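Trainee: Pasting the sequence and the predicted coordinates here, then a few questions.
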Amino acid sequence: YSGGEFKAANGKNLLFYTGVPAAGEPRQQWAAVATDKDFLNWKNYRPAPVMKYYPENGADPGLNWRDPFLFKDEDKTFALLTTSQGVSLYEAKNATLDEWIFRNLIYKTKGAPECPNFFRFGQKWMLVISPQNPVEYAVGTFDAKTAKFKVESKGILNNNNQYYATQGLIDADGNQILFGLIKGFKNNMGWRDCLALPRILTLDPSGKPLQHPLPALKKLRENERKVSDLSMAATPQVLKEIKGDVQKYTLEMVK
């Protein structure tokens, strides 16, 4: 199942993911390490799971223990994993990231969510989850010492139920980039899902999330067309000179 890449203190780029065993057996968390500089080939980081089901000091996470998301704060490395109760937080005991302890259930949900992300914006943190429904967010403060996430506001990040399974990265300019997939295609398409256009994720002064198209997407534009002096008549107007299955519009309305 889903996971993410994280660079360990030893400089190794690790790919964390949830292994899916035979039916009825518990899921465990594994890691792979890149064997080339282009990250095209990977091998198991350890011959056994880096996080076995389940850390002795924590509660039973249930069969939905999955989707590791790693992050750092105050020189500590943490991992978020979904459970039957919500989102649980684990802390690495060593720099090689193959020993972990349970810290806290930082966010409770009515059902098992998927694909947790945790992004920092100054003094605030944003938790993003895919709860089998439209993607949700929760904004608040996180204390690495107590391992507690104090939620101040929450809501729906994207109202479209077809946008799902988010993931993020920080680009060279320090922007928080958000990825997601688009699902809901017909079964006979020959493929399952596709990636949504990446967007820059920010927080406004009130703590609400804002999403903006990635500026680099402009490089994909071609065959620009300009149409002017159109009236907003009740009768539809067909713009025959504009064709294509992927289009971007900029509209200026004048009284």
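Mentor: On my side now, so go ahead. Numbering: from 1, shown residues only.

Trainee: surely residue 134 meets residue 162?
Mentor: No - the criterion here is Cβ atoms under 8 Å, and residue 134 misses it with residue 162 at 9.1 Å. For every residue, glycine as well, the C-beta is placed using N, CA and C.

Trainee: those strands in the stretch 51-200 of the chain, which residues are they?
Mentor: 66-73, 76-82, 86-92, 100-108, 114-121, 124-130, 136-143, 148-156, 163-170, 176-182, 194-195, 199-203 (DSSP state E, counting those that start in this stretch).

Trainee: Kindly reformat these as JSON lines containing mean pLDDT and distance to residue 50.
Mentor: Formatted as JSON lines, the strands of the stretch 51-200 of the chain follow (pLDDT from 0 to 100; distance: least, Cβ to Cβ, whole Å):
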{"stretch": "strand 66-73", "mean pLDDT": "98", "distance to residue 50": "9"}
{"stretch": "strand 76-82", "mean pLDDT": "97", "distance to residue 50": "9"}
{"stretch": "strand 86-92", "mean pLDDT": "98", "distance to residue 50": "9"}
{"stretch": "strand 100-108", "mean pLDDT": "97", "distance to residue 50": "7"}
{"stretch": "strand 114-121", "mean pLDDT": "98", "distance to residue 50": "18"}
{"stretch": "strand 124-130", "mean pLDDT": "98", "distance to residue 50": "23"}
{"stretch": "strand 136-143", "mean pLDDT": "98", "distance to residue 50": "23"}
{"stretch": "strand 148-156", "mean pLDDT": "98", "distance to residue 50": "23"}
{"stretch": "strand 163-170", "mean pLDDT": "96", "distance to residue 50": "19"}
{"stretch": "strand 176-182", "mean pLDDT": "97", "distance to residue 50": "24"}
{"stretch": "strand 194-195", "mean pLDDT": "93", "distance to residue 50": "27"}
{"stretch": "strand 199-203", "mean pLDDT": "98", "distance to residue 50": "28"}
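
Trainee: Mind putting those into TSV with mean neighbour count?
Mentor: Conversion of the strands of the stretch 51-200 of the chain to TSV gives the following (neighbours: other Cβ atoms under 10 Å):
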stretch	mean neighbour count
strand 66-73	21
strand 76-82	22
strand 86-92	22
strand 100-108	18
strand 114-121	21
strand 124-130	23
strand 136-143	18
strand 148-156	14
strand 163-170	18
strand 176-182	19
strand 194-195	10
strand 199-203	18
